[in-house]
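Student: Quick check, what structure comes out for this input:
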Amino acid sequence: MTRYVLRRIAGSLPLVLGIVTIIFFVVYAAPGDPTTTLIRPGLTPEAAAQMRANYGLDQPIPIRYVK
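Tutor: Reported below is the predicted structural model:
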């Protein structure tokens with residue numbers, strides 16, 4: 001029974017990794033920047049840049065994926 005459970009868990013890991021990868025790239029391919037929905041009217045460009053840095057949106061795609 002333990003062997004069966006371990007085999008099922010090992011088989012589901014690639015599936016979960018594939019789903020996470022697909023969702024990440026679909027969100028990345030969406031138009032716009034996620035911070036634009038959070039920016040309030042009157043927010044300075046410097047504050048928007050700081051928000052992007054806080055969320056890690058200024059980093060390369062592979063680093064964002066790993067995080």
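Student: now the helix or strand harbouring S12, how far from the chain's geometric center?
Tutor: According to DSSP states H and E, S12 maps onto helix 2-29. Centroid separation for helix 2-29 versus its chain: 15 Å, with C-alpha atoms, centre = their mean, to the nearest Å.
Student: so what's the residue nearest the centre of the chain closest to, chain neighbours aside?
Tutor: In the chain, the centroid-proximal residue (C-alpha atoms, centre = their mean) is F24; its distance is 4.9 Å. Among residues not flanking F24 along the chain, Y65 sits closest, at 5.6 Å (C-beta to C-beta, 6 or more residues apart in numbering). No exception for glycine: its C-beta is placed from N, CA and C like everyone else's.
Student: Distance from the chain centre to the worst-scoring helix or strand of the chain on mean pLDDT, please.
Tutor: In the chain, no helix or strand scores lower on mean pLDDT, DSSP states H and E than helix 45-55, which sits at a mean of 87. Here the centre of helix 45-55 is set off from its chain's centre by 17 Å, with C-alpha atoms, centre = their mean.
Student: Let me see the domain layout of the chain.
Tutor: In terms of domains, the chain is parsed into 1-31, 33-67 (source: automatic domain parsing).
Student: Pick the most buried one from those domains.
Tutor: domain 33-67 (a mean of 11; mean count of other C-beta atoms under 10 Å).
Student: Look up the pLDDT of D33 for me, please.
Tutor: Listed pLDDT for D33 reads 75.
Student: just checking, it touches M51?
Tutor: No: at 9.7 Å, D33 does not count as touching M51 under the criterion of C-beta atoms under 8 Å.
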